[in-house]
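Engineer: test case, fold it:
(2 chains)
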Amino acid sequence: MVEINNLDFGFASPLFEGFSYSFGDSGIVAVTGGSGKGKSTLLNIIAGLIKTDAVKKDGGVAFLFQDNRLLPWLTAKQNVELLSNGADADDLLSKVGLSNFKDYYPRDLSGGMQRRVCFAATLAANAPIILLDEPTANLDLENAEIIRRLTKEASKKALVIIASHSEEDIAIADRVISL
Amino acid sequence: MMHSITRVINNKYFKAVFAAFLWLAVWQAVYFAVGSDLVIASPLTVLKTLFGFVKRASFWSAVSLTIARIAAGFLLGTVFGVLFAVICRRFSLLNTLLAPMLKIIRATPVVSFIILAWIWIDRGLIPVFITLLMVLPIVWEAVYTGIGEIPVKFKELATVFSLSLPKRLFKIYIPSVLPFFNSAAVTSLGLAWKSGIAAEVITQPEFSIGSGLYNAKIYLETGEIFAWTTVVVLLSVLLEKLLSRALKKRSEAFKNG
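Structural biologist: Below you'll find the predicted structure:
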């Protein structure tokens, strides 16, 4: 469950003024809007990286950051295991089509592969709140579709909030917030 | 034929052996030019002296005790260096308080510390203390910098996913700081070795390479001075190689563990 009540926040200029929204506790909520409108900032606020009293949430957060945050000294599998909360890293890597690359280090993976490892690691956390920032960026059509299917599956047990420009990503959402 | 010769010349072992022989030849030439056994010993004299050394039990006692003293000082300096770095990163006030001490240790000539330590502590412990004092600021500063350089994006990852302390420590923090620690450890080992031997020469603890050097100087045994120096250089290279290899293995373990 995530609730935002009367959020005021901005950097040089205000991004949110008296923003309120109840995200509920499951399903997919897409956050859309042009560049610099505050999509990633909103996810950072919900993740707790930007401190505010306006956010109330129930349970832990898993966050697929906009950039691929993989530890370079760990293999793909070890990166997934690092964030895992009882999930099977092999199974998740197989679901994102990387079972043959589980022992590869990030430097030996393409940008798209790294993105899929990050996605698998995010799901491995088994968190009730999943934040996805541009989840299908740098992915080909087939892999983007796999990510969307797995996101749909995850949203049955967790609240998924997606910040995205992609129309296909927005199309799988149950609700859409336009910033 | 030409190809084979080029291959031999480019072989790294050949290059190393060639370099060694070249410098031995230069040394021999200088010995002939000077023409005095008192001023410079010939490579052959040094080799003979070394053979004489290895037959004596006292030589092995001196070598092993010197290594033990320097290793003890090195380990203590490393442990305290890491400890101070972590504490100073955690408490900035303490860092402000201790920073001048760090600068003083680095700026003070090692011989001043040796003389002061002679007043304060037991003679046998002075090389340990001096080595500790030389290693501590290097490790301290490197680890302190390393902790500050842990990428913010990984710290955020740990915060958002509420990673446990052991996971943060062993999977993120230590591997991030290891490159800083490794280079500081290798650099400080060379310094530890030199300052430890210098402390031994001045304080002459029983069974030590430093005492051997000092006695050779007193009795104008130039061959022995050169032989002891050769032992010091060889041990320094050997220990540095061993440490580098151990640290590399440790880093791999952190990567794969």
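
Engineer: name the helix or strand for residue A:63, please.
Structural biologist: strand A:61-64 (DSSP states H and E).

Engineer: pLDDT at the spatially most central residue of chain B, what is it?
Structural biologist: Compute the mean C-alpha point of chain B, and by Cα atoms, centre = their mean the closest residue is residue B:189, 1.9 Å away. As predicted, residue B:189 sits at a pLDDT of 93.

Engineer: give me the element residue A:93 is part of.
Structural biologist: Per DSSP H and E: helix A:89-95 holds residue A:93.

Engineer: that helix vs chain B: in contact?
Structural biologist: No - on the criterion Cβ under 8 Å from any Cβ of the partner chain, helix A:89-95 is out of touch with chain B, staying 13.7 Å away. Every residue, glycine included, has its C-beta placed from N, CA and C.

Engineer: flag the shaky bits of the stretch 101-250 of chain B, pLDDT-wise.
Structural biologist: Regions of the stretch 101-250 of chain B meeting the criterion pLDDT under 70 are absent.

Engineer: would you mind listing what in it touches chain A?
Structural biologist: Within the stretch 101-250 of chain B, the residues that sit near chain A (Cβ under 8 Å from any Cβ) are B:153-154, B:156-157, B:159-163, B:167, B:171-172, B:175.

Engineer: could you flag which of those residues are buried?
Structural biologist: For those, a burial check counting by 16 or more other Cβ atoms under 10 Å in any protein chain shown picks out B:154, B:156-157, B:160-161, B:163, B:167, B:171-172, B:175.

Engineer: which pair in those residues spans the largest distance?
Structural biologist: Spatially, the most separated pair among those is B:160 and B:175, at 19.1 Å (Cβ to Cβ).

Engineer: and what about the residue in chain A positioned nearest to chain B, helix, strand or coil?
Structural biologist: Using Cβ to the nearest Cβ, residue A:73 is the residue of chain A that sits closest to chain B, at 4.1 Å. Secondary structure for residue A:73, judged by DSSP: H, G, I helix; E, B strand; the rest coil, is coil.

Engineer: in stretch B:197-209, what counts as buried?
Structural biologist: By neighbour count with 16+ other Cβ under 10 Å, stretch B:197-209 contains the buried residues B:197-205, B:207-209.

Engineer: which one of the residues you listed is nearest to residue B:40?
Structural biologist: Checking these against residue B:40 with Cβ to Cβ, the nearest one is residue B:201 at 19.7 Å.

Engineer: residues contacting the strand holding residue A:63, please?
Structural biologist: Residues outside strand A:61-64 that contact it (Cβ atoms under 8 Å, 6 or more residues apart in numbering or on different chains) are A:43, A:46-48, A:83, A:118-119, A:122-123, A:125-127, A:129-133, A:135, B:157, B:160-161.

Engineer: distance of residue B:223 from chain A?
Structural biologist: 50 Å (Cβ to the nearest Cβ, to the nearest Å).

Engineer: burial of that residue, as a residue count?
Structural biologist: Counted with other Cβ atoms under 10 Å in any protein chain shown, residues neighbouring residue B:223 total 21.

Engineer: what residues does it make contact with?
Structural biologist: Counting by Cβ under 8 Å, 6+ apart, residue B:223 makes contact with B:37, B:41, B:45-46, B:48-49.
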